[in-house]
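>>> sharing a model that was predicted from the sequence below.
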Amino acid sequence: MNLEGEKRKKQWQVYLLECADHTYYCGVTTDLCARIENHNNGSASRYTRSRRPVVCVAKSPFMDKSRAFSLEYRVKKLPRKKKILWVKNGGSPDA
């Protein structure tokens with residue numbers, strides 16, 4: 001397959017961070033390592049800036065942008081106990 005001239009689709013992931021104050025932060029990214037680094041240096045999110053350091057406790061499989069943002073929305077609406085289950089299930093998109 002010739003990818004020249006074709007737009008390469010980005011692969012997205014939903015991630016769940018545990019902050020230093022034991023709260024959770026959910027987000028989406030195409031580069032999880034860089035995003036976590038940004039959270040830990042204070043340049044990614046206002047929420048995590050004052051709750052450093054953060055640790056990634058779950059991540060989803062790769063998916064397209066639309067599915068990733070939809071999953072992020074669903075996870076953010078979950079109560080804390082269900083987010084914990086989502087983490088224990090390895091970030092399954094069936095949260």
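Noted; the coordinates are in hand. None of these values were measured; they are calculated from a predicted model.
>>> neighbours of the residue lying closest to residue 60 once chain neighbours are set aside, how many?
Spatially, and ignoring its direct neighbours in sequence, residue 60 is nearest to residue 14 (4.2 Å; CB to CB, 6 or more residues apart in numbering). Where C-beta positions appear, they are placed from N, C-alpha and C, glycine not excepted. The number of residues packed near residue 14 is 28, by other CB atoms under 10 Å.
>>> ok, the helix or strand harbouring residue 14: who's next to it in the sheet?
Per DSSP states H and E: residue 14 is located in strand 13-18. Here strand 13-18 is paired, per DSSP bridges, with strand 24-29 (antiparallel), strand 55-59 (antiparallel).
>>> quick one: the longest helix belonging to the chain to strand 24-29, angle?
The residue-count maximum for a helix in the chain (DSSP state H) belongs to helix 65-77. Calculated by axes from the mean of the first three to the mean of the last three CA atoms, to 10 degrees, helix 65-77 forms an angle of 170 degrees with strand 24-29.
>>> quick check: bridge partners of the most centrally placed residue in the chain?
With distances taken as CA atoms, centre = their mean, the residue of the chain nearest its centroid is residue 15 (2.0 Å). Counting by DSSP bridges, residue 15 forms beta bridges with residue 27, residue 59.
>>> low-confidence ranges, this protein, go.
1-8, 93-95 (pLDDT under 70).
>>> what's the end-to-end length of stretch 15-33?
Stretch 15-33 has an end-to-end distance of 11 Å (criterion: CA to CA, to the nearest Å).
>>> same check, this time on stretch 33-49
Terminal residues of stretch 33-49 are spaced 17 Å apart (CA to CA).
>>> circling back: looking at the strands paired with strand 13-18, spot the one closest to residue 70.
Closest of the strands paired with strand 13-18 to residue 70 is strand 24-29, at 9.9 Å (criterion: CB to CB).
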